[in-house]
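Q: just the structure for this:
(2 chains)
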2 protein chains.
Amino acid sequence: MRATLIHGERDIRLEDVAEPQLITGTDAIVKVVAACVCGSDLWPYRGVTPTKHPHRIGHEFVGIVTEIGDDVSRIRIGDFVIAPFYHCDMTCVNCLNGVSTSCLAGGWWGADDRNGDFVDGAQGEFVRVPNADGTLVATPEQPSPEQIPGLLTLADVMGTGHHAAFSAGVSAGDSVVVVGDGAVGLCAIIAAKRLGATRIIAMSRHADRQALATEFGATDIVEERGDEGVARIKELLGGIGADRVLECVGTKESMDQAIRSARPGGRVGYVGVPNGGSELPIRSLFGANIGVAGGVAPVRNYIEELLPEVLSGAIAPGRVFDLELPLAEVAEAYDAMDDRRAVKVLLRP
Amino acid sequence: MRATLIHGERDIRLEDVAEPQLITGTDAIVKVVAACVCGSDLWPYRGVTPTKHPHRIGHEFVGIVTEIGDDVSRIRIGDFVIAPFYHCDMTCVNCLNGVSTSCLAGGWWGADDRNGDFVDGAQGEFVRVPNADGTLVATPEQPSPEQIPGLLTLADVMGTGHHAAFSAGVSAGDSVVVVGDGAVGLCAIIAAKRLGATRIIAMSRHADRQALATEFGATDIVEERGDEGVARIKELLGGIGADRVLECVGTKESMDQAIRSARPGGRVGYVGVPNGGSELPIRSLFGANIGVAGGVAPVRNYIEELLPEVLSGAIAPGRVFDLELPLAEVAEAYDAMDDRRAVKVLLRP
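A: Just a heads-up that it's a prediction; the model follows:
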């Protein structure tokens, strides 16, 4: 089958690789219907994180189950399934605590599992799924083609945006600032709105993303950054800042922007993979009682809550995909996102 | 009148100073009935934070109102009042948001107020109280002598321990680790218990403090620190760590201990004034989804909730005072706490 490998900075290749086989009784094989490129895939693509040796890449996919191991009971052959951006058993204490990203039996796509067996990356034709009964969520029926982009966002960006809002404690009547206008930031706007935020300020400088932010529920757009951005936020929010701030980028600058945009006693929910090398400034947080929560989003725990709203069209996170390419053009998909020609690219094998 | 000044490292003096006068219509004058020494007073006492010039010190007191300004309406002459460790109006947006430590009109004892007028420190005979209607809370009737230590803890340590537990989100059935066995850490045990924690692990190496911790509700004591402390906590808590950790010290080591004692998805509530010069390690927090919240405790916002339980004896935070001295011996009070001969010293002018 064909699958995507990253060889180094700006070097993405589709190659022939061995087709996956069932290894344990809890595995399933899924034929990928749609995958995509994540903002976090751009860190190795841009060389910000080094690629020491070529490896599989991609961690978001939906597809059809083609094989199941003997111990798989919830998932059936033919099911249309959503996979979170990691695998997990949903039975260990961490999964039950709502933190399936810390699953004691879990792991990552494109890497070895805890038995030392390789697990495929998602930007390919087939994927071996460990802990299939825990990892996968089947839709009640086969989705229509129009529903697929929305379902694919439950693999990562919609659940991650939700995690930012949930971690920040967004509730009815809150004012919310969203830092970051990528797919996760845009989904965080959807999440803040459905949790009851009445004022949602999107920090964005791109007209197309501003339009989508507004469509998703942003009430205000702030183009300024840094000191000017903070001043503008405070001007809009009674001089004191936002109840909740959702940090959806992961740089030192974006986290600084987020913390300084929060009001005293406010909370920052952060989901941007930390890439700025900086730590959190405890004295500023302490003096103003600003809490910080979040991390690598346990999106598997959120799929059941969000799925009905995606299927009904109550929320439309699939709108973040503004380019669709065949898997054969995966290199162009990375390039388009790197150039900001696309917010997020959907790939069809 | 007599009031305490710090002149430098280990140099505490009781001196004759001018008696306070009403300056604005919202002021009150309070005759101090009891004051005390705070763990945070030990930072300048030990020279960890430098004392550039002699200044008044002390920020915890209860007393009797002797004068009120023309605009004071809630507080009356003769009231027995509790003052939080700062003054605040309880009408600004930050006070109403529950963060009276960020009061837009507030300030600190022993420093100038926002009008540039001096506000007395608490380790003295009288204090001018700005924003008296907001700052002070009167007891329903004159307390008995036995009630005074408990009431004095509402000025700081009991409210601060509560803030750690509240910020960490302690709720029914939680497992809680308390880092720090000073007065705040001990009060945090009381707070965790009244919020419903069923497992409370106190980290302490001092037999007298261990005994008080147990009396307050600790179910386990851990004497180990660092890697061994983390290992012991995990051993006690199913291998994964605590739901909530209350950091009540403020050093790099104690915060590190706190973060490493939390389970994935757990939360650290911290109230120790950061003195270690270190920042929060965002990558560890991110990977395990450990949230951090807290800061300088808005204890004024908690007095009404805690006061009835102190008056009824349902909670007994006054037990943290294990030494009582006349104000004339204030230097000995600092020395006793510095030497750990006392957990907390109550001073009577």
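Q: and whichever residue of the stretch 101-250 of chain A sits closest to chain B, what pLDDT?
A: Taking Cβ to the nearest Cβ as the measure, the stretch 101-250 of chain A has A:S102 as its residue closest to chain B, at 3.5 Å. All C-beta atoms are positioned from the backbone trio N, CA, C, and that covers glycine. Looking at A:S102, its pLDDT reads 98.
Q: list the contacts for it?
A: Contacts for A:S102 (Cβ atoms under 8 Å, 6 or more residues apart in numbering or on different chains) come out as A:N94, A:P298, B:P264, B:G265, B:A288, B:N289.
Q: could you pull up the residues touching A:V177?
A: Here A:V177 is in contact with A:I201, A:M203, A:V222, A:I233, A:G241, A:A242, A:R244, A:V245, A:L246, A:A258, A:S261, A:A262 (criterion: Cβ under 8 Å, 6+ apart).
Q: can you name the two of those that sit furthest apart?
A: Farthest-apart pair in the contacts of A:V177 is A:V222 and A:R244; separation 15.3 Å (Cβ to Cβ).
Q: more neighbours: which of those two?
A: More crowded of A:V222 and A:R244, by other Cβ atoms under 10 Å in any protein chain shown: A:R244, with 28 against 24.
Q: which parts of the stretch 201-349 of chain A are strands?
A: A:220-222, A:242-247, A:262-270, A:291-294, A:323-326, A:345-348 (DSSP state E, counting those that start in this stretch).
Q: other SSEs contacting the shortest one?
A: Read that as strand A:220-222. strand A:199-203, helix A:207-216, helix A:226-236 (3 or more Cβ pairs under 8 Å, 6 or more residues apart in numbering or on different chains; DSSP states H and E).
Q: name the residues of the last one that are buried.
A: In other words, helix A:226-236. Neighbour counts over helix A:226-236 (16 or more other Cβ atoms under 10 Å in any protein chain shown) mark A:G229, A:V230, A:R232, A:I233, A:K234, A:L236 as buried.
Q: OK, contacts around A:V33?
A: A:V33 touches A:F61, A:V62, A:G63, A:I64, A:F80, A:I148, A:R348, A:P349, counting by Cβ under 8 Å, 6+ apart.
Q: what about those, which one has the most neighbours?
A: These, ranked by neighbours (other Cβ under 10 Å): first place A:F61, 30 neighbours.
Q: quick one on the thing from earlier: okay, the strands of the stretch 201-349 of chain A, which one's buried deepest?
A: strand A:242-247 (a mean of 30; mean count of other Cβ atoms under 10 Å in any protein chain shown).
Q: and for it, what are the contacting residues?
A: With Cβ under 8 Å, 6+ apart, strand A:242-247 has contacts from A:161, A:164-165, A:168-170, A:174-180, A:185, A:188, A:191-192, A:197, A:201, A:233, A:254-255, A:257-259, A:261-263, A:266-272, A:294.
Q: partner strands of that strand and their direction?
A: strand A:175-179 (parallel), strand A:262-270 (parallel) (DSSP bridges).
Q: now those strands as TSV including mean pLDDT and distance to A:I12?
A: TSV is the format used below for these (pLDDT from 0 to 100; distance: least, Cβ to Cβ, whole Å):
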stretch	mean pLDDT	distance to A:I12
strand A:175-179	98	28
strand A:262-270	98	28
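Q: now tabulate the ones you listed in JSON lines and tack on distance to A:V32.
A: Conversion of the strands paired with strand A:242-247 to JSON lines gives the following (distance: least, Cβ to Cβ, whole Å):
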{"stretch": "strand A:175-179", "distance to A:V32": "30"}
{"stretch": "strand A:262-270", "distance to A:V32": "30"}
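Q: out of these, which comes closest to B:L22?
A: Between these, strand A:262-270 lies closest to B:L22; by Cβ to Cβ that is 29.3 Å.
Q: and the stretch 1-150 of chain A, which residues reach chain B?
A: Counting by Cβ under 8 Å from any Cβ of the partner chain, the stretch 1-150 of chain A comes close to chain B at A:V93, A:N94, A:N97, A:G98, A:V99, A:T101, A:S102.
Q: B:V32: which of those residues is nearest?
A: Using Cβ to Cβ, A:N97 is the member of those that lies nearest B:V32, at 47.5 Å.
Q: and that closest one, how many neighbours?
A: 18.
Q: right, and it touches B:A262 too?
A: No: the criterion here is Cβ atoms under 8 Å, and A:N97 misses it with B:A262 at 11.4 Å.
Q: the helix or strand of chain A with the lowest mean pLDDT packs against which elements?
A: Across the helices and strands of chain A, mean pLDDT, DSSP states H and E gives its lowest value to helix A:282-288, namely a mean of 91. Counting contacts by 3+ Cβ pairs under 8 Å, 6+ apart, helix A:282-288 packs against helix A:252-261, strand A:262-270.
Q: quick one, which of those gets closest to A:G69.
A: strand A:262-270 (36.9 Å).
Q: and the closest one, C-alpha only, in CSV?
A: The C-alpha trace of strand A:262-270 is given here as CSV (Å, rounded to 0.1, in the frame of the first residue of the first chain):
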residue,chain,number,x,y,z
ALA,A,262,-6.8,37.1,30.8
ARG,A,263,-8.4,39.0,33.6
PRO,A,264,-7.4,38.6,37.2
GLY,A,265,-8.8,35.2,38.3
GLY,A,266,-9.2,34.2,34.6
ARG,A,267,-8.0,30.9,33.2
VAL,A,268,-6.0,30.0,30.1
GLY,A,269,-6.8,26.7,28.4
TYR,A,270,-3.9,25.7,26.2
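Q: show residues contacting that strand.
A: A:163-170, A:177, A:237, A:240-248, A:250, A:255, A:258-259, A:288-295, B:94, B:97-99, B:101-102, B:286, B:293, B:298.
Q: which one of the buried residues of helix A:226-236 sits closest to B:W108?
A: Using Cβ to Cβ, the buried residues of helix A:226-236 come closest to B:W108 at A:K234, 23.5 Å.
Q: excluding chain neighbours, what is closest to the closest one?
A: A:G241 (5.6 Å; Cβ to Cβ, 6 or more residues apart in numbering or on different chains).
Q: phi, psi of the one you found?
A: Note on A:G241: backbone dihedrals following degrees, to the nearest 10 are phi 110, psi -180.
Q: contacts only, for the closest residue to A:P140 other than its chain neighbours.
A: Spatially, and ignoring its direct neighbours in sequence, A:P140 is nearest to A:L311 (7.7 Å; Cβ to Cβ, 6+ apart). For A:L311, the contacting residues are A:T139, A:P140, A:P143, A:Q147, A:G150, A:L151, by Cβ under 8 Å, 6+ apart.
Q: now do the contacts for A:T153.
A: A:T153 sits in contact with A:G159, A:A183, A:C187, A:V310, A:P317, A:G318, A:V320, where contact means Cβ under 8 Å, 6+ apart.
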